[in-house]
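[1] Following is a predicted model, sequence given first.
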Amino acid sequence: MMMNDMANVASSTGGGGRRIGEVILDLKNISLRFGGVKALTDISFDIREHEIRSIIGPNGAGKSSMLNVINGVYHPQEGQILFRGEPRQKMEPHMAAAQGIARTFQNIALFKGMTVLDNIMTGRNLKMKCNLFHHALFFGKAQREEIEHRKKVEEVIDFLEIQSIRKTPVGRLPYGLQKRVELARALAAEPTMLLLDEPMAGMNVEEKQDMCRFILDVNDQFGTTIVLIEHDMGVVMDISDRVVVLDYGKKIGDGPPDEVKNNPDVIAAYLGTSH
Amino acid sequence: MGFFFEVLIGGLLSGVLYALVALGFVLIYKASGVFNFAQGAMVFFAALTFVGFQEVLPGWTGLEPGSIAVFWMAFVLALASMVVLGILTEKVVLRPLVNQPHITLFMATIGLTFLVEGIAQAIWGNHVRGLDLGIADEPIEWVLDSADIIVSKFDVFAATLAGILVASLALFFQYTKVGRALRAVADDHQAALSIGIPLQHIWAIVWAVAGFVALVAGLIWGARSGVQFALTFTALKALPVLILGGFTSVPGAIVGGLIIGASEKLAEVYIGPFVGGGIEGWFPYMLALLFLLVRPEGLFGEKHIDRV
Amino acid sequence: QEQFIGLPSYRVGPFGSNGASLYGGWIDYMAMVNARDGGVNGVKLTWEECETEYNNARGVECYERLKNKGPTGNSVFQPLSTGITYSVLEKVAQDKIPLVTIGYGRTDAADGRVFPWVFPMITTYWSQASAIVNYIGQKSGGMDKLKGKKIGLLYHDSAYGKESHAIIDKLAEKHGFEVQKIAVANPGNEQQAQWLQIRQSKPDYVILWGWGVMNATALRTAAKTGYSRDKIIGVWWSGSEEDTIPAGDAAKGYVAAGFNVAGANYPVIKDIQSQVYAKNAGNMEDKNRIGSVLYNRGVVHGIITVEAIRTAQEKYGKGKPMTGEQIRWGFENLNLDSQRLAALGATGFMPDLKISCEDHEGGGKVKFQQWDGTQWKVVSDWVEADRPLVRGMIEESAAAYAKEKGITPRDCSKES
Amino acid sequence: MTMTATASAATQASPYLSINNVEVIYDHVILVLKGVSLQVEKGSIVALLGANGAGKSTTLKSISNLLRAERGDVTKGSIEFKGNRIDQMTPNDLVRRGVIQVMEGRHCFGHLTIEENLLTGSYTRSISRSELKENLDKVYHYFPRLKTRRTSQAGYTSGGEQQMCAIGRALMAKPEMILLDEPSMGLAPQIVEEIFEIVKDLNSKEQVSFLLAEQNTMVALRYADFGYIMENGRIVMEGAASDLATNEDVKEFYLGLSGEGRKSFRDVKHYRRRKRWLS
Amino acid sequence: MLYREAGQFKASYQEDQQIFPIRQDRIGMAVILAFFFLAVPMLASQYWLQAILIPVLIFSLAAIGLNILTGYAGQLSLGSAAFMAVGAFGAYNFILRIDGMPFLVGVLLGGLSAAAVGVAFGLPSLRIKGFYLAVATLAAQFFIVWALVKFPWFSNNSSSGVITAQQIEILGFAFNTPESKYLLTLAIVTVLAFVAKNLVRSTTGRSWMAVRDMDVAAEVIGIRPMRAKLSAFAVSSFYCGVAGALYAYTYLGTVEPEGFSLDLSFRILFMIIIGGVGSIMGSFLGAAFIVLLPIFLNVGMHAVFGSAMPAGMASNLELIIFGGLIIFFLIVEPHGLARLWQLAKDKLRLWPFPH
Ligand SMILES: Nc1ncnc2c1ncn2[C@@H]1O[C@H](COP(=O)(O)OP(=O)(O)OP(=O)(O)O)[C@@H](O)[C@H]1O
Ligand SMILES: Nc1ncnc2c1ncn2[C@@H]1O[C@H](COP(=O)(O)OP(=O)(O)OP(=O)(O)O)[C@@H](O)[C@H]1O
Ligand SMILES: [Mg+2]
Ligand SMILES: [Mg+2]
């Protein structure tokens, strides 16, 4: 199985001049249970640097749980995770953040009481060095730091074209823009790996097109590795390098889009015949 | 050893009385997600209304003061007042605040506290009254004789009453349509509205039931320590019970009450002397805090669902 | 001609029911003086209430609001709350308004040399504790019989309750009895644990140093655990109808100290009835409570206030409104001997009282009353405190305060 | 997919649901709907399309009267259902009259089990136990996935399961008119198809009318009879679903089709033509 | 369009990050400060200074403290008064026991003691949430007051547990007039209010708010919930502590542990909810509202009814109106006075056009 994957990757490299690199995250035999519910059963797959890796599967298959395992929100009962070859121990979400893993959420998890700008600034939290006492005065060091990071954040804002809503409280924004702000927050952390949980749900085609372009650009320009969960097969098949298919917590397919699309198990469990 | 049991049993019985007050909180929390700060004031209001009617009824009707008839008439009138209070609360306070953050509703119930206290005292005056339920607060003799342990008749009566209330409310919440709707409302006001649950009725019902529970608690506590403003403080005894048992659990109120009651009394007797006593004020809270560290939603409370 | 008296009062909240009687009695007395005598030598008494809710911050606001009212400013400040007393303790000296605290407040302020503006009159907590012990001694057949006895002290676990500790310890040492101190956490509506302890250790007497709902609960629980009520001696904040009525039958036989007695059969109360209530005036909404312990205590407050004004007028000019400073002199030279009390219609109603520059307490006598199920019955004569002992402690404590604050005590021999 | 025939047959003289010139303001200051009018004929499926923030959800909420709970107000215009004004009715009245909304973003009762969630859906109906059971079975028949999770607390189920639960819960009220807000959001493609099949089923078999706000234009137009397109709080275009589906702008902006057919998401350019209706 | 930003462009991020980015606000703030620092001490009577302004300022400070914890970091607390007590008794003991301890340092140390105690009682917040935490903070409220009564050392062995604040002296200047005490309080409160404003608009404040709004998401982003919550507890308790010290030193002069009762904690909570949860400005508005309303009611009641109404009735009516007004305000604007102010500004911005 592993050998097979490698071969596929090699063949799909190319498009847009991106170089798909080494495996940075290797998941081995992951199992996750909640009481009696088996969310994930013995799942193994890997993620390579710079690739766009999609996870698809029917509702309740365990996709979101998979992301939660990757960034340490859930702790699998069994299995091993290697990050850049190092086995992970005792993972907490903020450690994942420190390793450069950022993410967006299926049910938008923005900070509702804050403005767009503040939300995105929180993304830079890990990169800020000043402490409470600097902040209390807000002169000198703290202000310089704030401005420096503000510049970075403005870049992200420009990139995602959300200049006009900078100072709006996020709670009042329409759904699609909230998703975009969430992406901005994740990008502000300059992640090496970006986990996106249904970033395009509830968007129309036009907006999906925009979102795809952002994802591709991020991947292209910064070489960010992307893990994507999405139900729109058009999107998934068009932009992913490799796709993992889950069903009822089990892996039923893994490979480049074309291969997955034609996998009979996948068709039966997920795609249905109409596609 | 006899002394130990005496303290233990006394504590358990007191605990049930705390549970009686806690129950009112649970009801309203379960049905609207609101922490009803006014519960203590409602206990006071109920008891005061009851004795108030007891005082004026003989004059109105010519019945013998202290007769059974007066008792029950006063009870019915007080209950009616509590129902009216519940309905008004829904109309005036809650309805305009649907779907607001819980802290806002919490604050509104604080406003309600002042309102209820003010109204109660404006109507009935603020002097202290006695209240006699006709059940003597004295030891059950055969227990005293055989084991030399004091078990008060009154406390046993109160505990039985509390037990019946708790059992019936627990069944109501778990198995009836309205009970289910109540729990739904607590989770999401707006979604409840969207499927046609009439929040207004539901809340009016719950507040009325909470009013009834407050009346029972008010009578029991009023009989123990007089009908006076201090009845509002019974809430302070109920709060640790509440968090220990879980805000959302009716049986939790009883279990929490038993644990708090027994341990606070034992602590006062066995630990108190070493630190100068008077630890009953904070000990239950500390104890509850320790429990919460292990189970943050209380023993029987609903888990806080926190998913991404 | 008017003399203004500011009344910081509390009529709502946990002590609201106490407040209603106290202020009722006080105001009724002043109204009676206005009606009967046309004021103090023709100077009408006027007053204004200010609701404090028994809350320190609001008490201070009331103090400030009231202090400049009336032609000569506020005559006297009597907050009826130890907390508020402490909060205005230093302000009164600056504003020159006497601070009168009858039966509560700062005990060592009885040393008038250090606290010229503060008057903890009639009796302080320390005198009271000592008088109670003396009463127990009397009942036991002499102070020497106290040796080896065990006295329980059930106290409200607060600054107020702890005031009793120092003096009781001293007395225990002196008379050789044993003290068992038992704390009751605020508000005290649960005392199962405490009374079971008492049931186990079986003290000969229990001093009930309680407050509010704690008192009724104590009596109730005592009854439940079989402790005889006539062995419980309450302090004066535990000895009113407000404490016994809610306890029902459990209160029967309970004894409490008081610096005034209950009952409406005194000429002064009758005057109030005929001069005020007969004319459909009067402050009490519930007329049944006229003559209750707290109502009568309010009348005592009224008497003392009015008599101080009268005394001041004697020195500074009859028929003129007095300033705070002049009234302070009035308080300091107040002498309510039995003759004067008789003239006031208050014989046996309150103890005689003589204030001086050094001694702002002026007597320290209390009477004991017993609850018979419906009313308080006097069961003792005026009982004195152990004056030398108490006075010694007061002076010691006041001296420490003076040292801490850098105050030089007045030399009383130079006062006129 | 020509449902138009049946739909027009059901058309009556006075519209079934009609919204006339409605204006909505949130928080007394934020003007969101600026005079929206639309009609739903009895027995039809009407799609409400539009970009994010166009005001689709707000429109639906103004019908079901859930606005007030969000401090929003209908300040102008009228809403009628079967010829009666309904703008002052409580949501409870509306559900009893057969109008129910499935809110966007799931809104399940997290602490109740899936089955309890469904049961609360029938709150407004007084029916026998067996009828209730029958109803429940029907919902389980539509959503077998729910049956397997029936005893789980809804808060712990996956996004898609919650979506199914919310729709199933509304069905339990036996509505005549369902306001569906983004039913397809977060659902796997197969389930989306299934849900729309259910919609069609209910529509043809039980004469339930639908007003659905939807982003998945492709599917929505396939199942709907009529469509409205909203932008910025106004209706900018309306027409039979089949007509809309062939409109050039709709094709480009809502279906992702251009002259040469479907374009890969990888190749979409940044700069596009302006929409004609904005000119 | 009195209040409009049009025409005010910000050329740099620095300008955009000013506390008051809009010119009208800056001018307004300058006028307000000038008024309170210069005009008020000259114009206000002693009554206003001592009985109204000083307590309003002190409670504003406490409310800012609680607002940081509850409004910004989302941790509901009912123990603010206890932290004030720690501040008061802390400052008292530092000044009493260390010779030559400067007043301001004493107050600072009092605040820091409160912060330390606050952190200790904040530890459970890592696991306990919402109303559970609120009730659990009552443990702090009761325990601290109990301990202050129980251990006489805290009150320098005073028989009644009461402490009398020492004379305030800074650099040889004695603050004993109402004016000087007012100015001292005002200065401290102003400085701390600006510090609070700085904190809440910086990374620290953002991490508080992030934890408040969604702590799982915050953690995924790399914010340590523990650090954020505990720092909020520390800063909040520090503010309450300083407020407590001022309460003892510039306001009452003499305080007892029981003065810092649960009642006071609630009062502070009312302030932030009425004023606006998550707003520094709201803390001031709320404090003013809660301190002034009962006084106005009391005064008003006397003015309107005089002695026509029985005194007990008047007091009860005050209570009823107070409760009624709280409910009324919440219904009109659940987000408090600060939000009302914000909405007014929004309207002014558009005025005279309705939308
Ligand atoms: N409670 C509210 N308070 C203030 N503004 C609101 C509120 N709810 C919605 N809005 C605003 O109203 C506008 C329309 O929102 P609405 O939710 O109706 O859009 P929508 O068309 O359903 O979008 P989406 O496809 O994202 O669901 C948006 O700009 C939104 O910001
Ligand atoms: N914290 C949890 N506690 C209990 N069960 C959980 C928890 N998280 C997930 N599950 C269960 O695990 C299964 C997988 O859930 P998950 O959210 O990963 O699905 P998903 O593939 O993301 O589905 P969807 O596409 O619908 O979002 C579901 O059945 C869900 O109920
Ligand atoms: Mg998911
Ligand atoms: Mg929407």
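    Here it is on my side, so go on. Quick caveat, the model's predicted, so the values are computed rather than measured. Ligands and ions are numbered 1, 2, ... in the order given.

[2] Surely E:Phe238 is in a helix?
    Yes. When DSSP: H, G, I helix; E, B strand; the rest coil is applied, E:Phe238 is found to be in a helix.

[3] and residue 27, what helix or strand is that in?
    No chain specified, so I'll use chain A. Per DSSP states H and E, A:Leu27 falls inside strand A:23-34.

[4] My question was about chain E, not that one.
    Going by DSSP H and E, E:Ile27 is in helix E:23-34.

[5] hmm, the strand holding A:Leu27 in reach of chain E?
    No. Contact of strand A:23-34 with chain E (Cβ under 8 Å from any Cβ of the partner chain) is absent, the minimum separation being 15.7 Å. Using the backbone N, CA and C atoms, a C-beta is placed for each residue, glycine as well.

[6] roughly how far out does that strand sit from the chain middle?
    16 Å (Cα atoms, centre = their mean, to the nearest Å).

[7] next one: stretch E:215-231
    Centroid displacement of stretch E:215-231 relative to its chain, using Cα atoms, centre = their mean, is 25 Å.

[8] Repeat that for stretch C:85-105.
    In terms of Cα atoms, centre = their mean, the centre of stretch C:85-105 is found 15 Å from the chain centre.

[9] returning to that earlier point: the strand holding A:Leu27 near chain D anywhere?
    Yes. Strand A:23-34 reaches chain D (Cβ under 8 Å from any Cβ) through A:Phe34.

[10] try stretch E:267-284
    No. Contact of stretch E:267-284 with chain D (Cβ under 8 Å from any Cβ) is absent, the minimum separation being 14.8 Å.

[11] hey, where'd the helices end up in the stretch 151-300 of chain E?
    Here the stretch 151-300 of chain E has its helices, by DSSP state H, counting those that start in this stretch, at E:178-200, E:203-213, E:215-221, E:225-246, E:262-275, E:280-305.

[12] which of those helices sits most buried?
    helix E:225-246 (a mean of 28; mean count of other Cβ atoms under 10 Å in any protein chain shown).

[13] just the CA coordinates of that helix, formatted as PDB?
    Output of helix E:225-246 as PDB, limited to C-alpha atoms (Å, rounded to 0.1, in the frame of the first residue of the first chain):
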ATOM      1  CA  PRO E 225      -5.900  28.900  28.000                       C
ATOM      2  CA  MET E 226      -4.100  28.500  31.300                       C
ATOM      3  CA  ARG E 227      -1.900  31.500  30.900                       C
ATOM      4  CA  ALA E 228      -4.800  33.600  29.500                       C
ATOM      5  CA  LYS E 229      -7.200  32.700  32.300                       C
ATOM      6  CA  LEU E 230      -4.700  33.100  35.100                       C
ATOM      7  CA  SER E 231      -3.400  36.400  33.800                       C
ATOM      8  CA  ALA E 232      -6.900  37.600  33.700                       C
ATOM      9  CA  PHE E 233      -7.500  36.500  37.300                       C
ATOM     10  CA  ALA E 234      -4.300  38.200  38.300                       C
ATOM     11  CA  VAL E 235      -4.900  41.500  36.600                       C
ATOM     12  CA  SER E 236      -8.500  41.500  37.600                       C
ATOM     13  CA  SER E 237      -7.800  40.800  41.300                       C
ATOM     14  CA  PHE E 238      -5.000  43.400  41.200                       C
ATOM     15  CA  TYR E 239      -7.500  46.000  40.100                       C
ATOM     16  CA  CYS E 240     -10.000  44.900  42.700                       C
ATOM     17  CA  GLY E 241      -7.200  44.900  45.300                       C
ATOM     18  CA  VAL E 242      -6.200  48.400  44.500                       C
ATOM     19  CA  ALA E 243      -9.800  49.400  44.600                       C
ATOM     20  CA  GLY E 244     -10.100  47.800  48.000                       C
ATOM     21  CA  ALA E 245      -7.100  49.700  49.300                       C
ATOM     22  CA  LEU E 246      -8.500  53.000  48.000                       C
END
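
[14] Give the buried residues for the one helix or strand in chain B whose mean pLDDT sits lowest.
    Ranked by mean pLDDT, DSSP states H and E, the weakest helix or strand in chain B is helix B:141-147, scoring a mean of 84. Buried positions in helix B:141-147, judged by neighbour count with 16 or more other Cβ atoms under 10 Å in any protein chain shown: B:Val143.

[15] model confidence over the next helix or strand after it, on average?
    Once the chain leaves helix B:141-147, the next helix or strand it forms, by DSSP H and E, is helix B:153-175. In this model, helix B:153-175 has a mean pLDDT of 88.

[16] What residue in chain A comes nearest to chain E?
    Nearest to chain E, among the residues of chain A, is A:Ala97, at 3.1 Å (Cβ to the nearest Cβ).

[17] Quick one: closest of the helices of the stretch 151-300 of chain E to ligand 1.
    helix E:203-213 (16.3 Å; Cβ to the nearest ligand atom).

[18] Next, the angle helix E:178-200 makes with that closest one.
    Interaxial angle of helix E:203-213 relative to helix E:178-200 (axes from the mean of the first three to the mean of the last three Cα atoms, to 10 degrees): 70 degrees.

[19] can you tell me the average pLDDT over helix E:203-213?
    The model assigns helix E:203-213 a mean pLDDT of 92.

[20] Alpha carbons only: can I get it in PDB?
    Taking Å, rounded to 0.1, in the frame of the first residue of the first chain, the C-alpha atoms of helix E:203-213 are listed here in PDB:
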ATOM      1  CA  THR E 203      -2.200  40.700  22.500                       C
ATOM      2  CA  THR E 204      -3.000  40.000  26.200                       C
ATOM      3  CA  GLY E 205      -6.500  41.300  25.700                       C
ATOM      4  CA  ARG E 206      -7.000  39.500  22.500                       C
ATOM      5  CA  SER E 207      -6.000  36.200  24.100                       C
ATOM      6  CA  TRP E 208      -8.500  36.900  27.000                       C
ATOM      7  CA  MET E 209     -11.300  37.500  24.500                       C
ATOM      8  CA  ALA E 210     -10.300  34.500  22.400                       C
ATOM      9  CA  VAL E 211     -10.500  32.300  25.500                       C
ATOM     10  CA  ARG E 212     -13.800  33.900  26.400                       C
ATOM     11  CA  ASP E 213     -15.400  33.400  22.900                       C
END
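
[21] All the helices of chain C, in order from the start?
    Per DSSP state H, chain C carries helices over the ranges C:16-37, C:56-66, C:82-88, C:91-95, C:125-140, C:159-175, C:192-201, C:213-224, C:241-244, C:267-275, C:293-316, C:324-332, C:338-344, C:387-405.

[22] same for the shortest one, what does it pack against?
    In this structure, helix C:241-244 makes packing contacts with helix C:16-37, helix C:213-224, helix C:293-316, judged by 3 or more Cβ pairs under 8 Å, 6 or more residues apart in numbering or on different chains; DSSP states H and E.

[23] Of all those helices, which one comes closest to D:Arg145?
    helix C:213-224 (58.1 Å; Cβ to Cβ).

[24] Quickly check: that closest one near chain B or not.
    Yes. Residues of helix C:213-224 contacting chain B under Cβ under 8 Å from any Cβ: C:Val213, C:Ala216, C:Thr217, C:Arg220, C:Ala223, C:Lys224.

[25] thought the fifth one was touching C:Ala250?
    It refers to C:Ala223. Yes. If you go by Cβ atoms under 8 Å, C:Ala223 and C:Ala250 touch, sitting 3.6 Å apart.

[26] ok, now which ones touch whichever residue of the stretch 101-250 of chain D sits closest to chain E?
    Per Cβ to the nearest Cβ, D:Gly233 is where the stretch 101-250 of chain D lies closest to chain E, at 11.3 Å. Shown in contact with D:Gly233 (Cβ atoms under 8 Å, 6 or more residues apart in numbering or on different chains): D:Leu31, D:Val32, D:Leu33, D:Lys34, D:Val36, D:Ala54, D:Gly55, D:Thr58.

[27] out of these, which is most surrounded?
    Within the contacts of D:Gly233, most neighbours by other Cβ atoms under 10 Å in any protein chain shown means D:Leu33, with 28 neighbours.
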